[in-house]
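Asks: sequence unknown, structure follows:
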């Protein structure tokens, strides 16, 4: 006689804020890897040393613009956890759409064979930012008064 019981693996519902934060973390890893791998493209480091970013001349103002642009995703990791649901939903949808559009532009202009890795990561990044928008759009509804 077999006395062992079949045990199902336990699963639990993940809070939407944690999901969104994890998606932004995943996005950041793709950004970091893409930028790191780009250093291996022949001539890339020489171009950077000569003041060329690949998207035009490097100036202090261009670097500031890049810093501002790229400070948003890491801030979203934290903001996704602390903002109230209504603001959180709006900010995630807006930032997700914005970064989807940015990556569509970047992927659309990455035509060099050496940038195939970047296109691959770009497609993943577009998928992640689209998923951020989708998850935020479908934010779970709570009882009246609990979803402020």
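Replies: Okay, I see it. Just so it is clear, the model here is predicted, and its values are computed rather than measured.

Asks: which SSE is the most centrally placed residue in the chain in?
Replies: By Cα atoms, centre = their mean, the chain has its centre lying nearest to residue 27, at 3.0 Å. Take DSSP states H and E as the rule and residue 27 turns out to sit in helix 16-38.

Asks: what's in contact with that helix?
Replies: 44, 54, 70, 73-74, 76-78, 80-81, 88, 92, 99, 115, 117-118, 121-122, 124-125, 128-129, 131-132, 135-136, 139-140 (Cβ atoms under 8 Å, 6 or more residues apart in numbering). For the C-beta atoms, the positions are set from N, CA and C on the backbone; glycine is no exception.

Asks: Low-confidence stretches in this structure?
Replies: For the chain, the stretches with pLDDT under 70 are 1-4, 54, 143-148.

Asks: Grab the longest helix from this structure for me.
Replies: helix 85-109 (DSSP state H).

Asks: So which bits of the helix or strand that that one is followed by are buried?
Replies: Per DSSP H and E, the first helix or strand lying C-terminal to helix 85-109 is helix 116-137. By neighbour count on 16 or more other Cβ atoms under 10 Å, the buried set for helix 116-137 is 118-119, 121-122, 124-129, 131-133, 135-136.

Asks: How about residues contacting helix 116-137?
Replies: Residues outside helix 116-137 that contact it (Cβ under 8 Å, 6+ apart): 16, 19-20, 23-24, 26-27, 30-31, 33-34, 37-38, 88-89, 92-93, 95-97, 99-100, 103-104, 106-107, 110.

Asks: For residue 7, give me phi and psi.
Replies: The phi and psi torsions at residue 7 (degrees, to the nearest 10) take the values phi -110, psi 120.

Asks: that older thread, the helix holding residue 27: how far from the chain's middle?
Replies: Its chain's C-alpha centre and that of helix 16-38 lie 5 Å apart, by Cα atoms, centre = their mean, to the nearest Å.

Asks: Which elements pack onto the next helix or strand after that helix?
Replies: Next helix or strand after helix 16-38 toward the C-terminus (DSSP H and E): helix 44-49. For helix 44-49, there is no helix or strand it packs on, judged by 3 or more Cβ pairs under 8 Å, 6 or more residues apart in numbering; DSSP states H and E.
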